[in-house]
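S.K.: sequence first, then the predicted structure, then my questions.
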Amino acid sequence: MQLDLNQLCELLTVLDKTGISELTLKSGELELTVRKGILANSPDAAAALPATVTVAPTIALDADPSPTAASLDAAPQNLGAALPQAPATAPAALPAAVPAPVDTKWVPIISPMVGTFYRAAAPDEPPFVSVGDRISVSQTVCIIEAMKLMNEIDADEVSGQVMEISVQNGEPVEYGQILMRINPD
């Protein structure tokens, strides 16, 4: 079975729209496991990661720069040392974080890609939105930089008041991560 990058993106999109929380895809020496509902920065993420991960990191680039499953059939390497490890004990000096109350009717604006979150178009410009601002449908609310491209993120089909901004300016974000929550009109 061959799986190119576009097919993988389509598979992830379909997985995101379903109730499936975990998918494992095996093809030859390639094994891909996708888990939904675990954020990279959450304490559960470290527990969900295996001690070692076997991947095929070699990608052959021909005229077409997109990798295919065939180009990923290199000998696997153990990259377990590169994974973030959970600390053996939590430092006692750190206070427990108290999450802000979240209203169930608030609509999340979700990151459509992996990248770096920016609240403004430039460091010296005002942010697109702040907590308490009213937004309209299709208004730009932030930028996510991915591979040196600035991608404007819009409030697609929601208008209302910005109740929470979940990410700090300049922080990396994951696909599917909540960026902010809107109290809809």
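M.R.: Cool, got the structure.
S.K.: what's the domain layout of this protein?
M.R.: With domains defined by automatic domain parsing, the chain comprises 5-82, 107-184.
S.K.: next SSE after the lengthiest helix in the chain?
M.R.: The longest helix of the chain (DSSP state H) is helix 5-16. Proceeding N to C from helix 5-16, the next assigned helix or strand is strand 22-27, under DSSP states H and E.
S.K.: the helix or strand just after that following strand: which residues count as buried?
M.R.: As assigned by DSSP H and E, the chain's next helix or strand after strand 22-27 is strand 30-35. Judged by neighbour count (16 or more other CB atoms under 10 Å), strand 30-35 contains these buried residues: Leu30. C-beta here means a position set from N, CA and C on the backbone, and glycine is covered the same way.
S.K.: got the angle for strand 30-35 vs strand 22-27?
M.R.: With axes from the mean of the first three to the mean of the last three CA atoms, to 10 degrees applied, the angle from strand 30-35 to strand 22-27 works out at 170 degrees.
S.K.: now the strands: where do they sit in this structure?
M.R.: All strands of the chain, identified by DSSP state E, fall at 22-27, 30-35, 54-55, 77-78, 107-110, 115-118, 134-135, 140-146, 149-154, 160-165, 172-173, 178-184.
S.K.: with distance to Leu5 and mean pLDDT added, can I get these in a markdown table?
M.R.: Shown next, in a markdown table, are the strands of the chain (distance: least, CB to CB, whole Å; pLDDT from 0 to 100):
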| stretch | distance to Leu5 | mean pLDDT |
| --- | --- | --- |
| strand 22-27 | 14 | 77 |
| strand 30-35 | 12 | 76 |
| strand 54-55 | 15 | 46 |
| strand 77-78 | 21 | 47 |
| strand 107-110 | 21 | 93 |
| strand 115-118 | 16 | 96 |
| strand 134-135 | 33 | 94 |
| strand 140-146 | 14 | 95 |
| strand 149-154 | 16 | 94 |
| strand 160-165 | 31 | 94 |
| strand 172-173 | 20 | 96 |
| strand 178-184 | 24 | 93 |
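S.K.: any chance of CSV for those strands, columns distance to Val14?
M.R.: Output for the strands of the chain, formatted as CSV (distance: least, CB to CB, whole Å):
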stretch, distance to Val14
strand 22-27, 10
strand 30-35, 11
strand 54-55, 23
strand 77-78, 29
strand 107-110, 16
strand 115-118, 22
strand 134-135, 29
strand 140-146, 21
strand 149-154, 21
strand 160-165, 29
strand 172-173, 21
strand 178-184, 20
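S.K.: for the domains of the chain, which one ends up most surrounded?
M.R.: Among those, domain 107-184 has the highest mean neighbour count (mean count of other CB atoms under 10 Å), at a mean of 16.
S.K.: straight-line length of that one, end to end?
M.R.: Domain 107-184 has an end-to-end distance of 7 Å (criterion: CA to CA, to the nearest Å).
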